[in-house]
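Enquirer: Quick check, what structure comes out for this input:
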Amino acid sequence: MPTIKIDGKEMEVPAGITILQACEMAGIEVPRFCYHERLSIAGNCRMCLVEVKPGPPKPQASCALPVADKQEIFTNTPMVTKARNGVMEFLLINHPLDCPICDQGGECDLQDQAMAYGYDRSRYHENKRAVPDKELGPLVKTSMNRCIHCTRCIRFATEVAGTEQLGATGRGESMEVTTYVESALQTELAGNLVDLCPVGALTAKPYAFEARSWEMRKTESVDVFDALGANIRIDTRGGQVMRVLPRLNDDVNEEWISDKTRHAIDGLRHQRLDRPYVRVKGKLVPATWDDAFAAIAARLKPLDGSKVAAIVGDQCDAESMVALKDLMAGLGSTNIDCRQDGAKLEAGVRGSYIFNPGVKGIDQADAILLVGTNPRWESPVLNARIRKRYLSGRCLIGSVGPAVDLTYPVERLGAGPASLADIAAGKGSFAEKFKAAKNPLVIVGMGALSREDGAAVLTMARSLATVRDDWNGFAVLHTAAARVGALDLGLVPGAGGKDVAGILAGAASKEIEVVYLLAADEIDMSKLGKAFVIYQGHHGDAGANRADVILPGAAYTEKPGTYANTEGRVQLGQRASYPPGDAREDWAILRALSERLGKPLPYDTIDQVRARLIAVNKSFAALDQQSPGAWGDFGKAGTTADAPFVSPVANFYMTDPISRASKTMADCMASRTQLMAAE
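Expert: You can find the predicted model right below:
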């Protein structure tokens with residue numbers, strides 16, 4: 001390890017790192033604009049200049065200079081100070097004084113560094129140049145007069161998002177950052193460009209002129225729009241969610257989030273359920289909580305438990321799910337299911353339904369097989385992680401399933417179970433290479449499991465997995481944020497119970513008379529027949545339209561909740577605002593209803609509910625950790641159909657009640673449709 005001195009302090013640093021990274025290890029701040037830890041080095045801005053000895057008698061760009069043994073580095077000499085003053089003066093030559101109207105104000109790197117390292121006057125009096133704004137779509141607003149040409153946006157689009165649409169044209173004063181062909185960005189990660197921009201050149205279009213950073217209360221939480229469980233920060237003003245930003249978590253989402261996570265939040269303001277409703281003479285009319293509970297009790301109390309069923313939605317927290325499970329057990333019903341899409345997954349063997357190697361395990365894989373999944377739409381941030389692994393080299397990637405652009409080269413191996421069977425039988429060059437890989441990874445999506453032959457497909461995928469003490473290469477990529485937590489809690493039919501398909505068939509045949517939908521909107525409501533439907537949720541979506549009684553619940557931003565992501569990592573979401581009107585937290589609604597039904601649940605506080613979670617499954621005690629899944633026999637051998645695998649996500653921008661109520665997501669969908677029509 002090289003030994004260097006930084007401002008007189010001697011230290012050993014790893015070989016190959018840059019001087020800027022060494023300074024950070026020493027706790028010394030070096031200003032920068034173009035450098036970013038997750039992007040390639042550009043060396044554009046020259047703000048990170050330091051003095052290096054031995055070396056040329058001029059400042060050096062620390063972001064692009066590797067450390068060397070016996071180097072002496074100085075970060076605060078008069079030469080360095082003068083150089084930084086000069087760089088800042090050059091950067092501000094053409095930068096407009098837009099701070100009072102710029103959405104970046106208050107969290108702008110240029111503002112901060114101009115105060116800390118800038119010169120106290122300007123010697124330029126020429127007119128500032130004008131650069132036309134670019135149209136990048138409904139999410140990113142451009143003010144290109146402010147651009148300092150750091151090229152972070154270009155490198156992110158090319159390296160992380162994998163959509164090479166941004167670039168620079170011209171040289172010197174004529175340089176502009178633009179799209180190669182004037183069009184909206186075709187990526188599900190466009191919002192991250194705003195986070196990366198160190199000035200106000202790229203800002204969030206839906207958030208324009210809405211609020212200032214210092215006006216908002218910041219709450220750490222987790223995302224529920226897909227099963228990755230990205231770590232987020234929710235910013236609220238008053239009772240309104242103003243924006244969602246990513247939080248750093250290298251094991252899950254690094255520092256990226258999808259556009260749906262970031263911008264579907266305006267759906268929280270529309271089509272909300274803020275009071276109970278009861279259907280009277282065919283029409284839903286507002287009611288009190290007592291009226292709603294009385295209507296439910298009148299239907300449930302005379303019934304045997306076998307005539308009652310419950311279906312759990314895709315965004316539910318674990319607290320509400322365990323409360324529903326306990327309530328159904330109290331009513332004597334085993335008809336409960338969390339698999340709205342009909343996925344052939346069982347709750348017994350945890351290793352059969354989680355992403356066993358973890359999201360971070362993708363970095364170790366040297367061969368990846370995608371089965372019935374389109375990760376670009378099902379989990380864009382996880383897809384970016386696969387692209388990152390591809391860029392690092394020596395990783396074979398194959399796909400059995402839909403033919404889509406995943407932003408990295410993929411060897412198409414077929415479309416359905418027959419192709420997967422050939423690979424399992426060792427046929428073809430890919431099968432040979434996959435078997436020879438040290439850490440092969442099989443990623444199975446819901447497009448392969450949500451079929452009648454899903455159990456047989458699961459068995460074939462299991463046969464391809466390499467399982468050792470130090471590596472489990474079997475991974476299930478869920479699309480529902482609640483699914484792993486629900487399976488951990490055993491929300492599947494008990495002895496003699498019915499699954500979702502059985503519940504719908506039973507409702508149609510009047511064998512099931514009451515169906516409780518806990519935020520479940522993704523089933524075919526027309527198959528519920530004349531069953532009495534209780535819907536508990538936060539949006540007036542499909543379930544509420546079919547319901548006979550509506551109990552208004554809280555959205556994910558309005559309650560503390562526990563979620564287990566696709567890798568089985570248990571994470572806590574925090575309350576950022578309060579539910580509207582008479583809406584309440586979901587577990588509390590179920591607790592109150594149980595009292596009215598004469599089957600009181602044995603907990604009165606959220607801490608007691610969480611103790612119940614741990615009693616049901618100890619994995620809920622390991623917060624922010626990926627608990628390993630037990631491995632054993634699962635799946636079921638059988639014949640498979642010839643139909644190709646189809647991803648369950650047909651429209652990335654509208655997959656749930658919140659995003660379907662979002663105007664921003666509707667604009668994104670319209671923009672994507674226009675682009676496809678133009679092509």
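Enquirer: In contact with the closest residue to T3 other than its chain neighbours, which residues?
Expert: Using C-beta to C-beta, 6 or more residues apart in numbering and skipping the chain neighbours, the partner closest in space to T3 is E12 (5.4 Å). The way it works is simple: take the backbone N, C-alpha and C, and place the C-beta from them, glycine included. Neighbouring residues of E12 by C-beta atoms under 8 Å, 6 or more residues apart in numbering: 1-4.
Enquirer: And the pLDDT for the residue nearest the centre of the chain?
Expert: Per C-alpha atoms, centre = their mean, the C-alpha nearest to the average position across the chain is that of A230, at 4.3 Å. pLDDT recorded at A230 is 97.
Enquirer: Distance-wise, check it relative to N383.
Expert: For A230, the distance to N383 equals 13 Å [C-beta to C-beta, to the nearest Å].
Enquirer: again with D337
Expert: 29 Å.
Enquirer: Please, where are all the helices along the stretch 1-150 of the chain?
Expert: Ranges of helices in the stretch 1-150 of the chain, per DSSP state H, counting those that start in this stretch, are 19-25, 78-91, 109-117.
Enquirer: what residues are up against K599?
Expert: By C-beta under 8 Å, 6+ apart, the contact set of K599 is 327, 330-331.
Enquirer: ok, now G638?
Expert: Applying C-beta under 8 Å, 6+ apart to G638 gives the contacts 453, 455-456, 459.
Enquirer: got JSON lines for those, with secondary structure, neighbour count and pLDDT too?
Expert: Output for these, formatted as JSON lines (DSSP: H, G, I helix; E, B strand; the rest coil; neighbours: other C-beta atoms under 10 Å; pLDDT from 0 to 100):
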{"residue": "D453", "secondary structure": "coil", "neighbour count": "21", "pLDDT": "93"}
{"residue": "A455", "secondary structure": "helix", "neighbour count": "19", "pLDDT": "95"}
{"residue": "A456", "secondary structure": "helix", "neighbour count": "21", "pLDDT": "95"}
{"residue": "T459", "secondary structure": "helix", "neighbour count": "19", "pLDDT": "95"}
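Enquirer: Drop anything exposed from the contacts of K599.
Expert: Using 16 or more other C-beta atoms under 10 Å as the burial test, those include 327, 330-331 as buried.
Enquirer: follow-up on the earlier one: just want to know which of D337 and N383 has more residues nearby.
Expert: More crowded of D337 and N383, by other C-beta atoms under 10 Å: N383, with 26 against 23.
Enquirer: so that one makes contact with L406?
Expert: Yes. N383 is in contact with L406 according to C-beta atoms under 8 Å; the separation is 6.3 Å.
Enquirer: And the pLDDT at the residue nearest to T3?
Expert: 93.
Enquirer: Over to P198?
Expert: pLDDT recorded at P198 is 96.
Enquirer: next one: the one 10 residues further on
Expert: Per-residue confidence (pLDDT) for A208: 95.
Enquirer: what are the phi and psi angles of it?
Expert: Dihedral pair for A208: phi -60, psi 130, per degrees, to the nearest 10.
Enquirer: Count the residues that sit near it.
Expert: Look at A208: counted by other C-beta under 10 Å, it has 10 neighbours.
Enquirer: for it, what are its contacts?
Expert: By C-beta under 8 Å, 6+ apart, the contact set of A208 is 103, 141.
Enquirer: how many neighbours does V241 have?
Expert: Other residues lying near V241 total 20 when counted by other C-beta under 10 Å.
Enquirer: Helix, strand, or coil at it?
Expert: Of the three states, V241 takes strand under DSSP: H, G, I helix; E, B strand; the rest coil.
Enquirer: Quick one: mean pLDDT over the lengthiest helix in the chain.
Expert: Counting by DSSP state H, the longest helix found in the chain is helix 663-678. Mean pLDDT, helix 663-678: 87.
Enquirer: which residues make contact with it from outside it?
Expert: For helix 663-678, contacts defined as C-beta under 8 Å, 6+ apart pick out 137-139, 183-184, 186, 206, 259-260, 263-264, 266-267, 270, 651, 653-654, 659.
Enquirer: Now do the buried residues in it.
Expert: Result for helix 663-678 [16+ other C-beta under 10 Å]: buried residues 664-669, 671-672.
Enquirer: between these, which is closest to A615?
Expert: Of all these, M665 has the smallest distance to A615: 38.8 Å, by C-beta to C-beta.
Enquirer: Spatially nearest residue to the closest one, not counting backbone neighbours?
Expert: Y653 (4.3 Å).
Enquirer: The one you found: what's it in contact with?
Expert: For Y653, the contact set (C-beta under 8 Å, 6+ apart) comprises 259-260, 264, 659, 665-666, 668-669, 672.
Enquirer: Over to G137?
Expert: Taking C-beta under 8 Å, 6+ apart as the test, what G137 contacts is 184-185, 190, 668, 671.
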